[in-house]
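Q: requesting a structural model of the entry that follows:
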Amino acid sequence: MKIARYKKAQKYLKFYYNNYAFHQPYQVLIDGTFCFAAFKEHINIKDQIPKYLNGKVKLLTTRCIIKETEKVAKKAQGALTILKQFGLHECNHKEPVTGSDCILSMIGKSNDKHYILATQDRDLQDKLQLKAGVPLLYLHNKSPTLQKPSKASYSKAGQILSADPHIFISETQNEILKNMKTALGVEEPKLPEKKIVKKPHNPNPLSCKKKKKPDANKRKKDNGIKEGKVRKRKKTKQNKIQIGFQSK
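A: Okay, here's the model as predicted:
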């Protein structure tokens, strides 16, 4: 077994453990297509899957899956023999249905019973990829391979984490932890809030208006002089008499 493939499997299992509460013994639900591929490649499922998942495993199937495999017993006699070695899980179907329909009904909307599905059926895999929290196991050549969690699984895991901040530690445990910190004197000190002091700014040069110089025309008017004209004095009688004497 390659180390990289083994590490990936452990990484994916840890994801399902942290976000969807999967635990040992893992319940692996196996269909006829997986057993047929194992028979063809001469793989011992009972030996290989527990080693690959590195934990305790329950290998399960249903009556509906066995009935479906019996219909093609001539072509898949070896697969039927392998399938009958596993424990029977009650699917509650009075009349047998197809293997894929039986699996879909057992998975339900949220896979509450934490099944790991082992199948080679591509159509079934595509349907289950749309559901969150459904690990898929398939055979790649002679090696069992755990598929990467789907986008639906990652998306729902993010929603669970954002909705419940105490998912990894309960509120009670959080309060106990705070009290212990206070008692031991290791409570993180609360830093005073920094007050933002606004510095005085220089006035905007564009907003400062220059002082208006006094108008030259206005000054001339004040002095009794209009622009381009000189004010003439009015002649009085005395002025006229003085002018007459001067002419004589």
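Q: all contacts plus neighbour counts: C-alpha atoms, from now on.
A: Fine.
Q: what segments of the protein are strands?
A: Taking DSSP state E as the criterion, the chain contains strands spanning 26-30, 57-61, 87-88, 115-118, 136-140, 143-146.
Q: which outside residues touch stretch 132-143?
A: Residues from elsewhere that reach stretch 132-143 (C-alpha atoms under 8 Å, 6 or more residues apart in numbering): 16, 20, 34, 37-38, 41-43, 107, 110-111, 114-120, 125, 128, 144-147, 149-150, 152-154, 156.
Q: likewise stretch 12-28?
A: Contacts of stretch 12-28 from elsewhere in the structure, counted by C-alpha under 8 Å, 6+ apart, are 55-60, 114-118, 133, 135, 146, 148-149, 157, 160.
Q: which of those residues are buried? Put it as a PyMOL command.
A: One line in PyMOL is enough to select the buried ones among the contacts of stretch 12-28; burial here means 16 or more other C-alpha atoms under 10 Å:
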select buried, resi 57+58+59+60+114+115+116+117+118+133+135+146+149+157
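Q: just the buried residues of the contacts of stretch 132-143.
A: So, of those, 16, 20, 34, 37-38, 43, 107, 111, 114-120, 125, 128, 144-146, 149-150, 152-153, 156 end up buried under the neighbour-count rule (16+ other C-alpha under 10 Å).
Q: what about Val57, distance to Lys46?
A: As judged by C-alpha to C-alpha, to the nearest Å, Val57 and Lys46 stand 9 Å apart.
Q: revised request: answer the last question for Leu177.
A: Note on Leu177: its distance to Lys46, by C-alpha to C-alpha, is 45 Å.
Q: would you mark the buried spots in the biggest helix by length in the chain?
A: Ordering each helix of the chain by length in residues (DSSP state H) puts helix 3-20 first. Buried residues in helix 3-20, counted by 16+ other C-alpha under 10 Å: 6, 9, 13, 15-16, 19-20.
Q: mean confidence score for that helix?
A: For helix 3-20, mean pLDDT rounds to 90.
Q: so that it lines up with my notes, have the first residue be 607 from now on.
A: From this message on, residue numbering opens at 607, which makes the last subject helix 609-626.
Q: picking that back up, make CSV from the strands of the chain and add distance to Ile709 and mean pLDDT to it.
A: Shown next, in CSV, are the strands of the chain (distance: least, C-alpha to C-alpha, whole Å; pLDDT from 0 to 100):
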stretch, distance to Ile709, mean pLDDT
strand 632-636, 8, 96
strand 663-667, 9, 95
strand 693-694, 13, 92
strand 721-724, 8, 96
strand 742-746, 12, 94
strand 749-752, 18, 93
